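Participant: Quick one: sequence plus predicted model below, questions after.
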Amino acid sequence: MRTYPYAYHVALDGSGLNGLEGRAGVCQLRFDPADDSYAYKVVYYDGIAGGHAVNVSPDGRSGFLGNAGQHLLFYDPRDLAETARMSTLRLEVPETSIQGSTHLVWLDDVEFVTVVGAHLWRVDLNRLTKAEVLAPHGLALPHAMKRTSSGRYVVYGGMDHPKYGEACEVGILDLQAGTTRRVVLPTTCWHVAVHPSEDLFYALSFRVTPQEGVDWHEWGMAYFKEYVYEIDAESGQVLRHWTGGREVPAHINSDVTISDTELIWCNGGSQSVVLLDLATFASYRIIDERPDAATQLRHGRAAASQVLDAFTRASPGPSSRHFVGALRVSRGSLLDSVYGCQLSADQTLLFTANRGLNHLSVYDYPSLRLRLRVDMPDLQEYDARLTSRADNRLGFHHSYLVSPKRPTLLEV
C-alpha cells in the first residue's frame, strides 16, 4: 500500500447550515507533493452528532472527533475506524445542548484536557471513565483550545450562550498553578491560536447577532468590524490588536494557524482565508474563494438547502435584517465556505477545506499558488437514504494536519 507524507483530517457535520446540529464524521486526505498524488477516505459514525473538530495525538496513534453531542469519540488515524467512545453526561451535564467536548489539548500521547460542563477535565485515553476535574473553566461556553509554546498554559475561546447572551471573553488555564483566568474583551472570540515560540496567543472575534434580539442559539451573522487580539498568557494582558472594517471579508472564522510571519485564518461566512502580517499587525493578504454565479449554479442543491435552512432559523419578515446582513457578509453568495485551514510543519503547504463548494485545496506557501484542488464525492455516496436532489455536501468543519516534522537547525 502506498504511503503519503501528509494526512489532512477534516471534521464532518453533514449538509446543512448549522454545524452544531448535524451528523458526525471524518474525512482524511492523504497527499504527496512529490507528484501531487492523493487519496481520501470518508467515514460517518452512527449515534454521534454535531461533528466539529479533529485532533491527532502526538504519537499519531489516536484521532479525536470533537463534537457538540456530549460524546468523546476516538478513531484510528490509519483507517478512521472508531476505537472508543464515551458519553460525557456521566461526568457532568452542560447547561445547553450546543456545549460539548468540541476541542481538546493533548498533554502527552494519552492524556488530554477538554471541557465538560462547568469544568476543565484531565482525561486518560485508556481510562476515560476515571477523568479528573482540573478547575472551573470560568466562561459561559468554552470552545477552541490550544497549548502555549512553553506548555504551561492552555488558552481557550468562548461562545455566546443561549441563556446568558454575548460572551466577550477568553480563558487561560495555568497547568502549573492549577488556576484559571478570565480575560474580558470587547467581542466574543470562539477561536484561538498560539505563538510558535512565546507564551502569546491570538483570539479572533466571532461576531453574531441574536435572532429576534434574544435567540443566541440560532444566531445571524453580524456585518460588523472584526478583531484579532494578541494576548500574553502569563498576565492576560492584550498587547496588540488588529481591527478589520466590516467590508474586509473576515467574518465567521474557523481554523486558525500560524507561520513565522503571518497569522492565518479561514472564514466560512466571507469565503476567504486571511493572512495577517505578524510584524506590523496591520497589513494582510487574502485568498478569495468566493464562487462566481456560474459556480453557484453548479452547486444549486447546496445553495437551495442553505436558503431553506436559513428560513428554519428565522422568519424573513421580522428577521429581514439578519438575511440582509448575511448577504453582506457572504458578498452575495448563497453558500458558506472555507472552514478548514492548516499550514504544514515546514511552512511550504497550506491545506483548506471548503464546505460550500465541497472541495479540498492545497496551496503553496508563502506564494499562495493553488497546487491541487480535489472535488469530493456527494454525501449520497455515504448515505443511501438521501435522494439525488438532497444537499450533497459532506459538511467540512475544523481540520488537523499531520505532516513531516520541521527540520531543526542541526538537521538543515
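Facilitator: On my side now, so go ahead. What you see is a predicted model, and the numbers here were worked out from it, not measured in a lab. Residues are numbered from 1 along each chain as shown.
Participant: for the chain, what's the longest helix?
Facilitator: helix 300-313 (DSSP state H).
Participant: Show me how far that helix is from its chain's centre.
Facilitator: On the basis of C-alpha atoms, centre = their mean, to the nearest Å, helix 300-313 sits 22 Å off its chain's mean C-alpha point.
Participant: And it, what's buried?
Facilitator: For helix 300-313, a neighbour-count test (16 or more other C-beta atoms under 10 Å) marks 301-303, 305-306, 310, 313 as buried. C-beta here means a position set from N, CA and C on the backbone, and glycine is covered the same way.
Participant: Next, format those as a markdown table and append distance to residue 77 and pLDDT.
Facilitator: As requested, these are exported to a markdown table (distance: C-beta to C-beta, whole Å; pLDDT from 0 to 100):
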| residue | distance to residue 77 | pLDDT |
| --- | --- | --- |
| 301 | 31 | 93 |
| 302 | 29 | 93 |
| 303 | 34 | 92 |
| 305 | 31 | 91 |
| 306 | 31 | 90 |
| 310 | 35 | 88 |
| 313 | 35 | 82 |
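Participant: what would these look like in TSV with distance to residue 31?
Facilitator: Below are the buried residues of helix 300-313 laid out as TSV (distance: C-beta to C-beta, whole Å):
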residue	distance to residue 31
301	28
302	25
303	29
305	29
306	29
310	34
313	36
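Participant: Let me know the closest of these to residue 159.
Facilitator: residue 313 (16.4 Å; C-beta to C-beta).
Participant: give me every residue that touches the closest residue in space to that closest one that isn't next to it in sequence.
Facilitator: Excluding the flanking residues, the one nearest residue 313 by C-beta to C-beta, 6 or more residues apart in numbering is residue 218, at 4.3 Å. By C-beta atoms under 8 Å, 6 or more residues apart in numbering, the residues touching residue 218 are 18, 211, 313-314.
Participant: can you redo those as CSV with distance to residue 222?
Facilitator: As requested, these are arranged in CSV below (distance: C-beta to C-beta, whole Å):
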residue, distance to residue 222
18, 16
211, 12
313, 14
314, 14
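Participant: looking at those residues, which has the most residues close by?
Facilitator: residue 314 (20 neighbours; other C-beta atoms under 10 Å).
Participant: so that one touches residue 323, yeah?
Facilitator: Yes. Counting by C-beta atoms under 8 Å, residue 314 touches residue 323, with 7.4 Å between them.
Participant: okay, and the common contacts of the two?
Facilitator: residue 220.
Participant: Skip the chain neighbours and tell me the closest residue to residue 5.
Facilitator: Once flanking residues are discounted, residue 5 sits nearest to residue 404: 5.3 Å by C-beta to C-beta, 6+ apart.
Participant: So the one you found sits against residue 3, correct?
Facilitator: No. Using C-beta under 8 Å, residue 404 is not in contact with residue 3, being 11.7 Å away.
Participant: rewinding a little: report the angle between the helix or strand following the longest helix of the chain and helix 300-313.
Facilitator: Later in the chain than helix 300-313, the nearest helix or strand by DSSP states H and E is helix 320-329. Per axes from the mean of the first three to the mean of the last three C-alpha atoms, to 10 degrees, the angle that helix 320-329 makes with helix 300-313 is 150 degrees.
Participant: Output helix 320-329 as PDB, nothing but the C-alphas.
Facilitator: Provided in PDB are the C-alpha atoms of helix 320-329 (Å, rounded to 0.1, in the frame of the first residue of the first chain):
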ATOM      1  CA  SER A 320     -35.100  40.700   7.400                       C
ATOM      2  CA  ARG A 321     -32.000  42.500   8.900                       C
ATOM      3  CA  HIS A 322     -30.400  39.100   9.600                       C
ATOM      4  CA  PHE A 323     -30.900  38.000   6.000                       C
ATOM      5  CA  VAL A 324     -29.500  41.200   4.600                       C
ATOM      6  CA  GLY A 325     -26.600  41.100   7.000                       C
ATOM      7  CA  ALA A 326     -25.800  37.500   6.000                       C
ATOM      8  CA  LEU A 327     -25.800  38.500   2.300                       C
ATOM      9  CA  ARG A 328     -23.400  41.400   3.000                       C
ATOM     10  CA  VAL A 329     -21.100  39.100   5.000                       C
END
